[in-house]
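S.K.: Build me a model:
(chains A, B and C)
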Amino acid sequence: MDDQTRMMTGLTGLGGLPQGDVGDPDSVRKQQSLGQPQQDIGDILQQIMAITDESLDEAQARKHALNCHRMKPALFSVLCEIKEKTVLSIRGVQEEDPPDPQIMRLDNMLLAEGVSGPEKGGGSAAAAAAAAAAGGSPTDSSIEHSDYRAKLAQIRQIYHSELEKYEQACSEFTNHVMNLLREQSRTRPISPKEIERMVAIIHRKFSSIQMQLKQSTCEAVMILRSRFLDARRKRRNFNKQATEVLNEYFYSHLSNPYPSEEAKEELAKKCGITVSQVSNWFGNKRIRYKKNIGKFQEEANLYAVKTAVDAANVSAQASQANSPATPNSGSPGSYRLSHTGDAYLGLRSINGEGLNITPSLHQEDTLHRATHLTGGYEELSGSGLYTPHCLDANSWQDTTNPPPVTSPPGPPGSVHSDTSN
DNA sequence: GTCTATGATTTTCA
DNA sequence: TGAAAATCATAGAC
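M.R.: You can find the predicted model right below:
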């Protein structure tokens, strides 16, 4: 027979009183004439029940007396056991919850964003990732990065301060309740296990507050991030140097303006933009060039001349360095440009034999001569420079069948469909 | 404020 | 999956 059964037997054995009457002081008093053990229990119960009717001093004295009673520990443990097996068993089922997946998600997100966990430079990694996702250049985004970092640091600070407050409040409240329960455990059947359970309940209640805090923080981060990304989406014109580099490549590879991945990376590095921006640029350029070759012809000529001049200068310097007395061994006083770029192919086609440039020319003279050779926009009409004829070996021109440069499509100043919006 | 240029995005297609 | 084509959205010139 366990303690509980013994107790129940003992209690029900108090003169056949129904259990419901155990709490009635009068009923308990009636049992005082019964046997010693039962009388003891009845005594204790009577004193417990009567304790609220007494003055504070009397109650304190009574409490002390009860605490010192020889039956007190047994009675306490039995009452605790009964309580454990009734009320707390129901509660216990609800308490054994698995960790909340929602709060786990929030934790993971806060950790990834650098809000919780160790300091990661105020989310610079997240900022960089966001910028990379948006295709921003590392240089022009530095200001926005710092903005993002500053805002994220603010959120982080607020989050940690609130979390600290929350933890403090939780700890204070838990301690208070624990003390209260410990104190009450002298007069009520409150076992340490129940106190632990109570602490867990308090923590769970507080964790819902914590979840709200985490949720709000996550929302703030998301809003900040979306604003940051929106800002990155704002169009910024590339700088002049970058556009020149891209145009040079485009026009010198006009027959096949599809840079390889390596070339894209190289161009991206040169221009201070991302590879995807290079891809975008070439995509836009190809389509716009194809739609309105006439409009781009002048630009094409300029870059052809520029490339020719550069190449001429490089070759001239090389020739001078190698053989200043006899600049060209093949054709005296002249040399033939050799380049894989189409600009040079185009220039070769001007005179049918290749572009001859005197190595001793200064740059201005070279430019002038090259310009004269190419004949500018009007004279190019018959030169074949950048005409589909000199580029027809590739599919991108074949498929589009653009009008020849000699007769630009539409009236001057006509707007191609792409810009009509 | 209008218009054009241009970088970015989305849709379509091979 | 990459490129073409269409479209969007904004910068910048006027």
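S.K.: For the rest of this, base every contact and every neighbour count on C-alpha atoms.
M.R.: Will do.
S.K.: For the host helix or strand of A:A268, enumerate the helices and strands it packs against.
M.R.: Using DSSP states H and E, A:A268 sits in helix A:261-271. Other helices and strands packing on helix A:261-271, by 3 or more C-alpha pairs under 8 Å, 6 or more residues apart in numbering; DSSP states H and E, are helix A:240-252, helix A:275-291.
S.K.: buried stuff in the very next helix or strand once past the last one?
M.R.: Spelled out, that is helix A:275-291. Next helix or strand after helix A:275-291 toward the C-terminus (DSSP H and E): helix A:293-322. Buried residues in helix A:293-322, counted by 16 or more other C-alpha atoms under 10 Å: A:293-309, A:311-313, A:315-316, A:319-320.
S.K.: which of these come close to DNA strand B?
M.R.: For DNA strand B, no contacts are drawn from those by C-alpha under 7 Å from any atom of the strand.
S.K.: sec struct for the closest residue to A:K63 other than its chain neighbours, please.
M.R.: Closest residue to A:K63 apart from its sequence neighbours, by C-alpha to C-alpha, 6 or more residues apart in numbering: A:T187 at 7.3 Å. Under DSSP: H, G, I helix; E, B strand; the rest coil, the three-state class of A:T187 is coil.
S.K.: where does A:T187 fall, phi/psi-wise?
M.R.: Per-residue torsions, A:T187: phi -120, psi -10 (degrees, to the nearest 10).
S.K.: And it, how close does it get to DNA strand C?
M.R.: To DNA strand C, A:T187 is 70 Å away according to C-alpha to the nearest atom of the strand, to the nearest Å.
S.K.: Please identify the helix or strand for the closest residue in space to A:E162 that isn't next to it in sequence.
M.R.: Leaving aside its sequence neighbours, A:E162 sits nearest to A:L213 (C-alpha to C-alpha, 6+ apart; 7.7 Å). A:L213 is part of helix A:192-233 when elements are defined by DSSP H and E.
S.K.: tell me the mean pLDDT for that helix?
M.R.: On average, the pLDDT along helix A:192-233 is 75.
S.K.: for stretch A:272-279, same thing?
M.R.: Stretch A:272-279 carries an average pLDDT of 89.
S.K.: Kindly export it (C-alpha atoms) in CSV.
M.R.: The C-alpha coordinates for stretch A:272-279 follow below in CSV (Å, rounded to 0.1, in the frame of the first residue of the first chain):
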residue,chain,number,x,y,z
GLY,A,272,34.2,48.3,-62.1
ILE,A,273,30.9,46.6,-62.7
THR,A,274,29.6,43.1,-62.3
VAL,A,275,29.7,40.3,-64.9
SER,A,276,25.9,40.3,-65.1
GLN,A,277,26.0,44.1,-65.8
VAL,A,278,28.5,43.4,-68.6
SER,A,279,26.1,40.7,-69.9
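S.K.: doesn't A:A59 make contact with A:T52?
M.R.: Yes. Assessed by C-alpha atoms under 8 Å, A:T52 is found in contact with A:A59 at 7.3 Å.
S.K.: Settle it for me: which of those two has more neighbours?
M.R.: Comparing A:T52 with A:A59 by other C-alpha atoms under 10 Å, the one with more neighbours is A:A59, at 17 against 11.
S.K.: Name the residues of the helix or strand harbouring the more buried one that are buried.
M.R.: Taking DSSP H and E as the criterion, A:A59 maps to helix A:56-68. Residues of helix A:56-68 classed as buried by neighbour count (16+ other C-alpha under 10 Å): A:59, A:62-63, A:66.
S.K.: what's in contact with it?
M.R.: Residues outside helix A:56-68 that contact it (C-alpha atoms under 8 Å, 6 or more residues apart in numbering) are A:44, A:47, A:51-52, A:72, A:186-187.
S.K.: Let me know the distance separating the residue of the stretch 101-250 of chain A at minimum distance from DNA strand B from A:I195.
M.R.: For the stretch 101-250 of chain A and DNA strand B, the shortest gap (C-alpha to the nearest atom of the strand) falls at A:N237, measuring 3.9 Å. Separation of A:N237 from A:I195 (C-alpha to C-alpha, to the nearest Å): 67 Å.
S.K.: Output the host helix or strand of A:D107 in CSV with nothing but the alpha carbons.
M.R.: Assessed by DSSP H and E, A:D107 sits inside helix A:101-112. Output of helix A:101-112 as CSV, limited to C-alpha atoms (Å, rounded to 0.1, in the frame of the first residue of the first chain):
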residue,chain,number,x,y,z
PRO,A,101,9.5,25.7,-35.3
GLN,A,102,8.4,29.3,-35.8
ILE,A,103,10.8,30.6,-33.2
MET,A,104,13.5,28.4,-34.6
ARG,A,105,12.9,30.0,-38.0
LEU,A,106,13.1,33.4,-36.5
ASP,A,107,16.3,32.5,-34.7
ASN,A,108,17.9,31.2,-37.9
MET,A,109,16.9,34.3,-39.8
LEU,A,110,18.2,36.7,-37.1
LEU,A,111,21.4,34.7,-37.0
ALA,A,112,21.8,34.8,-40.8
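S.K.: Tell me what angle it forms with helix A:192-233.
M.R.: For helix A:101-112 against helix A:192-233, the angle by axes from the mean of the first three to the mean of the last three C-alpha atoms, to 10 degrees is 50 degrees.
S.K.: Mean confidence (pLDDT) on helix A:101-112, please.
M.R.: On average, helix A:101-112 scores 77.
S.K.: List the buried residues of that helix.
M.R.: For helix A:101-112, using 16+ other C-alpha under 10 Å, the buried residues are A:103, A:106-107, A:109-111.
S.K.: repeat for stretch A:70-77
M.R.: Across stretch A:70-77, burial judged by 16+ other C-alpha under 10 Å covers A:72, A:75-77.
S.K.: Stretch A:273-289 now?
M.R.: Buried residues in stretch A:273-289, counted by 16+ other C-alpha under 10 Å: A:273-279, A:281-282, A:285-286, A:288-289.
S.K.: All set now, cheers.
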